[in-house]
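Asks: With the input below, show me the fold.
(one chain, ligands or ions: 1)
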Amino acid sequence: MAEDTVDKRKRRFLVAATTVVGGGGLIAFAIPFIQSMEPSDAVSAAGAPIDVDISKLEPGAMITVPWRGRPVWVLHRTPEQLKVLQKSSLVERLRDPESKELQQYGTEVVNWYRSLRPEYFVVVGICTHLGCVPTYRPDIAPADLGPEWPGGFYCPCHGSLYDLSGRVFKSMPAPLNLPVLPYYFKNDTLLRVGELKDKSEQNWLPQTW
Ligand code: FES
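Replies: Model prediction:
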């Protein structure tokens, strides 16, 4: 991918960030809804894995952390949101509901919730069309997205829609599901983002980046 395209994507992320808090390898949160943060320049520049404290991430809330210059979302899905993901009325509207295309690092996240644990969704928040940052829209049937909207992500650039597993809807400008990057749970409240436990897949890249 051309450097200028990469730089534009980075710029979009930086513009989208609403709150920036310095930190080190460990990022701790006290967030009610959505918050964007940035670790130290050294950590970002190195593309090093980061530890994310999810102990205060309440059901329904989402946080954004940077990894290799991209926004990574960590969403704590509610039981109601998880139920919606399995509804046939939603699944039949999705382009690749079973994640058959290579938009995730490994088979353990090839499932209807596209994650290691159903309640936590960890994904690169970059639209697979032209790289804008979609917005989290958990509201059901809002006026601007219509009565069939089940909650998910909306890209404001050209209108692509994704469900709460980052699965793209049919007939959208975006061709692929959102990329699920390598991560693992160090324990129940600490996520390691950008690395697998066995240190494999460290150079993983999705089809769109
Ligand atoms: S960049 Fe998201 S729809 Fe075009």
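Asks: Remind me which helix or strand the spatially most central residue of the chain belongs to.
Replies: Nearest to the geometric centre of the chain sits residue 123, at 2.7 Å (C-alpha atoms, centre = their mean). In this assignment (DSSP states H and E), residue 123 forms part of strand 120-124.
Asks: One more: residue 84?
Replies: Residue 84 belongs to helix 79-85 when elements are defined using DSSP H and E.
Asks: Just the pLDDT for the nearest residue to residue 103 once chain neighbours are set aside.
Replies: By the measure of C-beta to C-beta, 6 or more residues apart in numbering, the closest residue to residue 103 outside its immediate chain neighbours is residue 177, 4.6 Å from it. Backbone N, C-alpha and C define where each C-beta goes, glycine included. Residue 177 carries a pLDDT value of 95.
Asks: Quick check: residue 177 touching residue 124?
Replies: No - if you go by C-beta atoms under 8 Å, residue 177 and residue 124 don't touch, sitting 10.6 Å apart.
Asks: Neighbour count for those two, which is higher?
Replies: For residue 177 and residue 124, the more surrounded residue by other C-beta atoms under 10 Å is residue 177, and the numbers stand at 28 against 21.
Asks: got a list of what the residue nearest to residue 103 touches?
Replies: Going by C-beta atoms under 8 Å, 6 or more residues apart in numbering, residue 177 touches 95-96, 99, 101, 103-104, 114, 128, 162, 165-168.
Asks: Return the distance of it relative to the ligand.
Replies: Residue 177 sits 13 Å away from the ligand, going by C-beta to the nearest ligand atom, to the nearest Å.
Asks: part of a helix, is that residue?
Replies: No - looking at residue 177 with DSSP: H, G, I helix; E, B strand; the rest coil, it is coil, so not inside a helix.
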